[in-house]
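1. Here you go, sequence then predicted model.
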Amino acid sequence: MNSVQLRADFERDGFVVIRDFLPRDEFQRLASNVERYICDVVPTLGDRDAFYDDRSQSQTLKQLARMEQDSFFAAYVSHPSWLSMAQVLLGEDVRAHGAEWFNKPPATNHITPPHQDNFYFCLKPPQVLTMWLALDLIDEENGCLRYVPGSHRQGLRPHARTKTLGFSQGISDYTDADFASEIPILANPNDVLIHHGNTIHRANANRSLTRHRRSFAMVFQGASAERDQAAFDRYLVAAQAQHQELGLKTS
């Protein structure tokens, strides 16, 4: 991989895609530990860390947060391949926020609203990125990510509360022009999509009747970024209000 070209593409578009990111044995080890975590740990988790379309149906599990509470993932957030790529793209030392897992189960009407990750993180300067590794074949049928190229250079857009669990805030003034400028990104297992914290992205529902759309993700923050605590406190209040509206326990 040409790191100079990758960073230039990242700075221009706000995202890059790296195909076949991990050595095959490392990818299999990660995927196996994700499955172990789902089988052994997830049944013990509360609403704050495991999100379902319908909690009474385990097959509708759609998002996991704070996976680093598990010893494997506590160590994995320091994996050199991930850290070094984040450092190349942000141009400075980085640290990981934690580990997450996302899914769109088959035949569920779970859309990902258009949003910018840094609206949640509230970092200034916005030296932050998300690395999103495909665990399945991901295409337009099962809800691939869709990016608005160059949107990271325009600052944060207005967001408002959504009814989508796991994405408490979505862009409130998303236009037809935004939809028209989206680029859908198809991915094979082990392809990693990396986007800037201010890059606008979204995903449609999974229309497949048989296929999941699973991914593993980590967020990396640059050393120069500092949290705007007042903005973050406002975000937490909004997220708490959404959880209460959806009837979730947050403690």
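-> Nice, thanks for sending it over.
2. So what's the residue count around the closest residue to residue 3 other than its chain neighbours?
-> Leaving aside its chain neighbours, residue 3 sits nearest to residue 88 (4.7 Å; criterion: Cβ to Cβ, 6 or more residues apart in numbering). C-betas here are computed from N, CA, C, even on glycine. Around residue 88 sit 17 other residues, with neighbours defined as other Cβ atoms under 10 Å.
3. got a list of what residue 88 touches?
-> If a contact means Cβ atoms under 8 Å, 6 or more residues apart in numbering, then residue 88 has 3, 6, 7 as its contacts.
4. confidence score at the first one?
-> Taken from the predicted model, the pLDDT recorded for residue 3 is 94.
5. Repeat that for the second one.
-> Predicted confidence (pLDDT) for residue 6: 97.
6. which SS class is it?
-> Following DSSP: H, G, I helix; E, B strand; the rest coil, we place residue 6 in the helix state.
7. Which residues are in contact with it?
-> Contacts of residue 6 by Cβ under 8 Å, 6+ apart are 16, 18, 88, 89.
8. try it again with 10 Å
-> Residue 6 makes contact with 16, 17, 18, 85, 88, 89, 194, according to Cβ atoms under 10 Å, 6 or more residues apart in numbering.
9. ok, now the last one?
-> Taking Cβ under 10 Å, 6+ apart as the contact definition, residue 7 lies against 16, 88, 89, 90, 91.
10. wait, isn't residue 37 in contact with residue 99?
-> Yes: counting by Cβ atoms under 10 Å, residue 37 does reach residue 99; the two are 9.3 Å apart.
11. what about these two, which has more around it?
-> Shown here are residue 37 and residue 99; by other Cβ under 10 Å, residue 99 has more neighbours (26 against 19).
12. So for the more buried one, what's the nearest residue that isn't a sequence neighbour?
-> Nearest non-adjacent residue to residue 99, counting by Cβ to Cβ, 6+ apart: residue 67, 3.9 Å away.
13. Verify the stated contact: the one you found with residue 98.
-> Yes: with contacts defined as Cβ under 10 Å, residue 67 counts as touching residue 98 at a distance of 6.9 Å.
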